[in-house]
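Q: Provided below are the primary sequence and the corresponding predicted coordinates.
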Amino acid sequence: MSWLERPSGLPPVQLPPRTAVNGGRTEVLVVGGGPAGFGAAMGAAAAGADVVLAERYGFLGGNATAALVMPLMSFHNEIRQAVAGEDNRLLPTDHGEGEPVVAGVLWTLLDRLVRAQGAIAPDLGTGYTVPFDPEVFKLTTYELLDGSGVRLLLHSFASDLIALPEGGQRGVFETKSGPVVLDADVVVDCTGDGDLAAAAGAPYEIGRPGDGLTQPMTLMFRMGNVDREAFLTYAHEHPDQWRGVHGLWDLIRAARDAGELELPREDILFFATPHPDEVSVNSTRIGGLGISVWDLTRAELTTHRQLEQIARFFQHRVPGFAESYVLQSGVQVGVRETRRILGDYQLTGEDVLSARSFDDVIARGAYPVDIHNPNGPGTILRRLPQGRSYDIPLRALLPRDVDGLLVAGRCISGDHVAHSSYRIMPISMATGQAAGVCAALAARIGKPPREVPAAQVQRVLRAQGASLPM
């Protein structure tokens, strides 16, 4: 048996009981400091709750910083199609004008990032994406949370969630100080993988119907010392080879024929950053399950080897990259899809593509269905009707069979197709803000989150600047 294969047939091992450090109690405990967790903590604090945010790493940002998922993808609906195209990730000539469907905490963050020269504001020139600097992103989230009175516990990996007999939930964390427990009236699971919801017994689905395969994982990385003008000259002279942010098909074919590149996707995809001599590369790909330690190990080893090939391909074959080098790779491989916690409502692909409305809407999205092939090359992209957006209902944030818990981010209740749209970071931040507000209101009245009227959550969200239909 390879050490990268999950052992089978071995009996489980019983571990001895242990004593944990008591970290005290809070009204709202947010687990995970990525975009969803940041939104949840900010939303709950602004609603008047005492909030603790626990994060596995020594910094905040989640996939935005740990996995270098850059930039923030478009959160605008398209109200005029400039040029018909198949790929929503295309830049200026392939996008029409758009208006934002996500606001609130996201705009608070973007305003601070732009003023700190850590991001480029979304507009037609950026295809409504937001290039950002991950280090400025980290510092900005620290400052905003500190200003909101949110208490942080870093270097704390959530491992369990236990319902308390007197009400509320107990989060269990693995730390360098040994196990630590934090009690809360309400917990918001922003782990991305729905770790705590699953530990608490909430039902969930994984992968697509039929074979259960999930979207592939990607190790993103940054390359510096790029001659942008030289590359733009090449792109201008070869319009059939570069469409906005992806392409290089002929160069890839030549590198493959020469045995220099084994790339399990159809093209090279990279984005600009706030720095003119730098790009963010999204071109590695590997299948597997992002909640399997064996698959994650295999993914790290495989994608780092792919990174090496891609960087060499840039340096040897792509104009403008001759003197470039790898600045940084993600702390971990980026995971697109794992558990989708089943809630009181499951958002569907049809809901997304038909731009469906809900009475209990707490967030909106307009990003297309974007499904990467788990088995290799190929990406399915389907747009929403122009000028439209879909609603995300509060019920999708309420796990079945569990009280005192909400989920936010990419693990909310939806099917495989819907998930491919709402998984992006701006929408995750919006569902996080909504979950945080609902958690704060539930803690205030001493009732489970599902007993908080959606209209009350909506009123607070609108007061916080969220973008909701009237």
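A: That came through, no problem. Numbering: from 1, shown residues only.
Q: residues in contact with Ile206?
A: Contacts for Ile206 (C-beta atoms under 8 Å, 6 or more residues apart in numbering) come out as Gly212, Thr214, Leu289, Glu337, Thr338, Arg339, Arg340. No exception for glycine: its C-beta is placed from N, CA and C like everyone else's.
Q: The fifth one - how many residues pack around it?
A: Right, Thr338. 23 (other C-beta atoms under 10 Å).
Q: I'd like the numbering to begin with 39 instead of 1 from here.
A: All right, first residue 39 from here; so that's Thr376.
Q: wait, what's in contact with it?
A: Contacts of Thr376 (C-beta under 8 Å, 6+ apart): Gly230, Asp231, Gly232, Ile244, Thr252, Leu327, Gly328, Ile329, Cys449.
Q: got the phi/psi numbers for the last one?
A: In terms of degrees, to the nearest 10, the main-chain angles of Cys449 are phi -100, psi 10.
Q: Next, count neighbours for Glu304.
A: Neighbour number of Glu304 under other C-beta under 10 Å is 16.
Q: three-state assignment of it?
A: Recorded secondary structure, Glu304: coil (DSSP: H, G, I helix; E, B strand; the rest coil).
Q: Please report the distance of the residue lying closest to it once chain neighbours are set aside from Ala393.
A: Nearest non-adjacent residue to Glu304, counting by C-beta to C-beta, 6 or more residues apart in numbering: Pro415, 4.2 Å away. According to C-beta to C-beta, to the nearest Å, Pro415 and Ala393 sit 30 Å apart.
Q: Could I get the contacting residues of Gly372?
A: Counting by C-beta under 8 Å, 6+ apart, Gly372 touches Asn101, Ala105, Leu106, Val107, Met255, Thr256, Leu257, Met258.
Q: circling back: quick one: which of the contacts of Thr376 has the most company?
A: Cys449 (33 neighbours).
Q: For the nearest residue to it once chain neighbours are set aside, list the residues it contacts.
A: The shortest distance from Cys449 to any non-neighbouring residue, by C-beta to C-beta, 6+ apart, is to Gly232 (3.6 Å). Taking C-beta under 8 Å, 6+ apart, we find Gly232 in contact with Ala240, Tyr242, Thr376, Arg377, Arg378, Ile379, Val445, Cys449.
Q: Greatest separation within the residues you listed: which pair is it?
A: Farthest-apart pair in the contacts of Gly232 is Ala240 and Thr376; separation 13.7 Å (C-beta to C-beta).
Q: Tell me which residues touch the residue nearest to Glu304, please.
A: Counting by C-beta under 8 Å, 6+ apart, Pro415 touches Pro302, Arg303, Glu304.
Q: The first one - how many residues pack around it?
A: The local packing of Pro302 (other C-beta under 10 Å) involves 18 other residues.
Q: and it, what does it touch?
A: Going by C-beta under 8 Å, 6+ apart, Pro302 touches Pro254, Arg323, Ile324, Gln344, Gly414, Pro415.
Q: can you rerun that using 7 Å?
A: Contacts for Pro302 (C-beta atoms under 7 Å, 6 or more residues apart in numbering) come out as Arg323, Gly414, Pro415.
Q: possible to save these as JSON lines with secondary structure, pLDDT and distance to Gln471?
A: Shown next, in JSON lines, are the contacts of Pro302 (DSSP: H, G, I helix; E, B strand; the rest coil; pLDDT from 0 to 100; distance: C-beta to C-beta, whole Å):
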{"residue": "Arg323", "secondary structure": "coil", "pLDDT": "97", "distance to Gln471": "31"}
{"residue": "Gly414", "secondary structure": "coil", "pLDDT": "88", "distance to Gln471": "37"}
{"residue": "Pro415", "secondary structure": "coil", "pLDDT": "91", "distance to Gln471": "36"}
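Q: okay if I get those residues as CSV plus distance to Val140?
A: Shown next, in CSV, are those (distance: C-beta to C-beta, whole Å):
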residue, distance to Val140
Arg323, 27
Gly414, 32
Pro415, 31
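Q: With respect to Asp223, which of those residues is nearest?
A: Relative to Asp223, the closest of those is Arg323; by C-beta to C-beta it sits at 41.7 Å.
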